[in-house]
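Trainee: test case, fold it:
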Amino acid sequence: YSYTAAEFLALNAMPENPSHRGAVAKGWNWSLADAQAYVTNYGGLEIGQMYDIDDEDGAKARIYVTVEAGDTLDLLVSGSTTVDWGDGSARESFSYSAFHDYSTAGSYCIKLLTACNLSGATIANQSVNFTGGWITSPGSPAGNSVTRVELGSGMGFSGSTAMRGLGMMETLILPYDLSTTSTVSNCQRLRGLTIPSSLTSWGSDVYSSNSSMQYFSCGKDLAGTGYETRFNYCGSLRRLTLPEGVTALPGCREARSLNAVIGNATSVAPGTYAFSYSGLEYTPDTSLLATIPTYFMNNCSALRKIRLTGADKSVGGNAFSYCRCATEVIIDAKLTLSGASVFRYDASLQKVTATANGALVASSTSHNYAFADCTALTEVDFSLARSVDLTGQSAFSGDTALQKITFGASTTRIGSSTFSGCTALTLIDFRLATSIPALASSSNTTIPYNNSGLQIVVPDALYDSWITTTTWSNTNIKAKIVKASNYEGGR
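Mentor: Below you'll find the predicted structure:
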């Protein structure tokens with residue numbers, strides 16, 4: 001089912017439950033009321049169907065495997081169960097671990113007849129053993145043996161890697177009453193995953209490297225922190241919904257098909273590289289975040305606009321560098337840079353604007369190259385900014401198309417080499433200034449006085465003090481300073 005937001009909000013009941021081979025539908029993982037409230041707030045939602053497995057053969061779980069002649073499977077559980085190995089051999093009851101030899105190559109359905117928690121399995125092929133979880137690394141024979149897993153009511157997991165590295169598994173059905181989590185990662189053929197509403201917490205790294213996973217749905221009560229690598233390398237994931245209990249943006253590094261993150265995480269900082277190399281066209285909602293980490297959206301080649309709003313933020317180095325399609329940066333929060341090259345090499349960037357809530361603070365000389373080498377940048381408007389501190393060196397160096405920059409009432413410092421290489425710059429506008437900013441250097445790389453048309457426009461009331469202030473009084477720079485009343489360029 002697929003609806004527009006308006007169509008979904010008009011529903012009076014959830015759609016009919018879909019059918020699924022070997023499974024019994026148990027309802028959606030969101031109620032209609034909760035889902036409509038979420039869509040009203042955030043504009044979209046990914047909803048999934050929950051299942052139990054049918055009991056026609058008495059199975060509580062089915063594990064479909066393809067093995068070679070001579071393979072031995074070691075099945076690990078927490079507790080006791082009875083297993084049907086699927087090859088006509090006698091059923092076997094066991095606790096914790098059971099071994100079975102397959103004499104004939106083929107595909108088999110292993111059935112667990114008593115509910116238990118899966119700990120994992122290993123497959124030994126002749127003298128080669130693969131250990132840990134189902135399999136320790138993707139692409140090895142044991143990982144490629146499991147093609148489908150169906151878990152019924154009462155089934156769960158013991159251990160965090162029980163479902164890791166199932167490289168050939170296309171389908172995983174989790175029970176509607178699941179209460180224990182497991183890593184479901186490195187499953188390169190898994191197409192999608194629905195987390196039942198019964199699960200309220202998850203671990204770290206749990207869904208990473210599922211390269212074919214196109215959809216992910218979880219219930220509204222899923223909560224937790226520490227999401228640094230949650231969906232990294234899920235290259236086919238298109239949209240991600242964050243339930244309201246989630247307190248940190250999940251890692252989606254190299255999720256190249258990702259075009260939307262729905263929801264609003266709280267102030268817990270996401271991890272390094274959180275959305276780098278992803279397919280996002282717009283920044284996710286960062287209004288509650290106090291920290292934007294290093295390489296947050298580095299190399300997001302589809303990103304069109306960068307808008308940072310809400311709470312004051314510390315912004316790490318290269319957070320938005322190499323976003324080659326971004327044409328605009330809007331600063332609607334106080335940004336305190338904590339590293340270098342935050343917006344560097346954004347080759348299509350044309351305009352940078354700060355709102356009345358915005359501020360830019362690069363208070364250390366190591367916080368350099370903030371907007372450097374943005375070769376399409378033509379205008380910077382800080383006229384409404386709460387404050388601007390460009391102590392960090394080379395903030396706009398290499399911006400060869402930059403023509404105009406406007407500062408507001410509170411600009412404290414212009415750092416060394418701020419405008420190095422800005423050969424098109426003709427206007428540095430300080431008309432709104434209420435005090436004279438410190439100037440780190442009188443060199444042509446800081447203020448490009450060799451630009452023939454350059455004018456530095458200052459308030460009439462500050463003009464006399466401005467041209468006699470240390471560094472600004474340099475003969476070459478002073479010659480470029482004009483009173484606002486004498487400026488003929490207009491606004």
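Trainee: can you give me the helices in the stretch 351-491 of the chain?
Mentor: 460-468, 475-478 (DSSP state H, counting those that start in this stretch).
Trainee: dump these to CSV, plus mean pLDDT.
Mentor: As requested, those are arranged in CSV below (pLDDT from 0 to 100):
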stretch, mean pLDDT
helix 460-468, 97
helix 475-478, 96
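Trainee: adding distance to residue 277 and mean neighbour count, write those out as a markdown table.
Mentor: The C-beta positions use only the backbone N, C-alpha and C, and glycine is treated the same way. Below are these laid out as a markdown table (distance: least, C-beta to C-beta, whole Å; neighbours: other C-beta atoms under 10 Å):
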| stretch | distance to residue 277 | mean neighbour count |
| --- | --- | --- |
| helix 460-468 | 46 | 15 |
| helix 475-478 | 42 | 14 |
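Trainee: redo those helices as TSV? Include distance to residue 292.
Mentor: Below are these laid out as TSV (distance: least, C-beta to C-beta, whole Å):
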stretch	distance to residue 292
helix 460-468	35
helix 475-478	35
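Trainee: residue 206 is nearest to which of these?
Mentor: When those are compared by C-beta to C-beta, helix 475-478 sits nearest residue 206, at 57.2 Å.
Trainee: CA atoms only: put the closest one into PDB for me.
Mentor: Listed next in PDB are the C-alpha coordinates belonging to helix 475-478 (Å, rounded to 0.1, in the frame of the first residue of the first chain):
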ATOM      1  CA  THR A 475      47.700  52.500   3.600                       C
ATOM      2  CA  ASN A 476      46.400  50.000   1.000                       C
ATOM      3  CA  ILE A 477      43.400  48.900   3.100                       C
ATOM      4  CA  LYS A 478      42.500  52.500   4.200                       C
END
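Trainee: pull out the buried residues from stretch 30-43.
Mentor: 30, 34-39, 42 (16 or more other C-beta atoms under 10 Å).
Trainee: could you tell me which of those residues belong to helices?
Mentor: Here DSSP state H is the test, and the buried residues of stretch 30-43 give 34-39, 42 as lying in helices.
Trainee: closest to residue 21 among these?
Mentor: Checking those against residue 21 with C-beta to C-beta, the nearest one is residue 35 at 26.0 Å.
Trainee: quick check, the closest one in contact with residue 45.
Mentor: Yes: with contact defined as C-beta atoms under 8 Å, residue 35 reaches residue 45; the gap is 5.7 Å.
Trainee: give the residues shared as contacts by these two.
Mentor: Listed as contacting both residue 35 and residue 45 by C-beta atoms under 8 Å, 6 or more residues apart in numbering are residue 8.
Trainee: residue 256: which of the helices of the stretch 351-491 of the chain is closest?
Mentor: So among the helices of the stretch 351-491 of the chain, helix 475-478 is nearest, using C-beta to C-beta, at 47.0 Å.
Trainee: could you list the residues in contact with the closest one?
Mentor: 439, 442, 444, 447, 449, 456, 467, 471-472.
Trainee: tabulate those residues (CSV), appending distance to residue 193.
Mentor: Shown next, in CSV, are the contacts of helix 475-478 (distance: C-beta to C-beta, whole Å):
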residue, distance to residue 193
439, 56
442, 61
444, 58
447, 56
449, 60
456, 58
467, 66
471, 60
472, 61
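Trainee: one step back: can you redo the buried residues of stretch 30-43 as TSV with distance to residue 87?
Mentor: Below are the buried residues of stretch 30-43 laid out as TSV (distance: C-beta to C-beta, whole Å):
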residue	distance to residue 87
30	41
34	45
35	44
36	49
37	50
38	47
39	49
42	50
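Trainee: for the residues you listed, which one is nearest residue 310?
Mentor: residue 42 (15.3 Å).
Trainee: nearest spatial neighbour of the closest one, chain-adjacent residues omitted?
Mentor: residue 262 (5.1 Å; C-beta to C-beta, 6 or more residues apart in numbering).
Trainee: what sits against the one you found?
Mentor: Taking C-beta under 8 Å, 6+ apart as the test, what residue 262 contacts is 42-46, 239-242.
Trainee: rerun that using 10 Å as the cut-off
Mentor: Residues near residue 262 by C-beta atoms under 10 Å, 6 or more residues apart in numbering: 38-39, 41-46, 239-243, 284-285.
Trainee: which two of those have the greatest separation?
Mentor: For those, the farthest-apart pair by C-beta to C-beta is 39 and 284; their separation is 17.2 Å.
Trainee: stretch 230-250: end-to-end distance?
Mentor: With C-alpha to C-alpha, to the nearest Å as the measure, stretch 230-250 spans 5 Å from end to end.
Trainee: mind listing what's buried along it?
Mentor: 230-244, 246-250.
Trainee: just the ones of those residues in strands?
Mentor: The strands, defined by DSSP state E, take in 239-241 from these.
Trainee: nearest to residue 257 among the residues you listed?
Mentor: residue 239 (9.2 Å).
Trainee: next, give phi and psi for the nearest residue to that closest one once chain neighbours are set aside.
Mentor: Distances taken as C-beta to C-beta, 6+ apart place residue 260 nearest to residue 239, at 4.6 Å, with adjacent residues excluded. Reported as degrees, to the nearest 10, the phi and psi values for residue 260 are phi -160, psi 140.
Trainee: what pLDDT is listed against residue 260?
Mentor: pLDDT, residue 260: 86.
Trainee: measure how buried it is and give me the count.
Mentor: 16 (other C-beta atoms under 10 Å).
Trainee: correct me if wrong: it contacts residue 275.
Mentor: No: taking contacts as C-beta atoms under 10 Å, residue 260 lies outside contact range of residue 275: 11.7 Å.
Trainee: joint contacts of the two?
Mentor: The contact sets of residue 260 and residue 275 overlap at residue 284 (C-beta under 10 Å, 6+ apart).
Trainee: residue 103: neighbouring residues, count only.
Mentor: Residue 103: 9 surrounding residues under other C-beta under 10 Å.
Trainee: ok, now which ones touch the closest residue to it other than its chain neighbours?
Mentor: Distances taken as C-beta to C-beta, 6+ apart place residue 69 nearest to residue 103, at 6.3 Å, with adjacent residues excluded. Applying C-beta under 10 Å, 6+ apart, we find residue 69 in contact with 101-106, 125.
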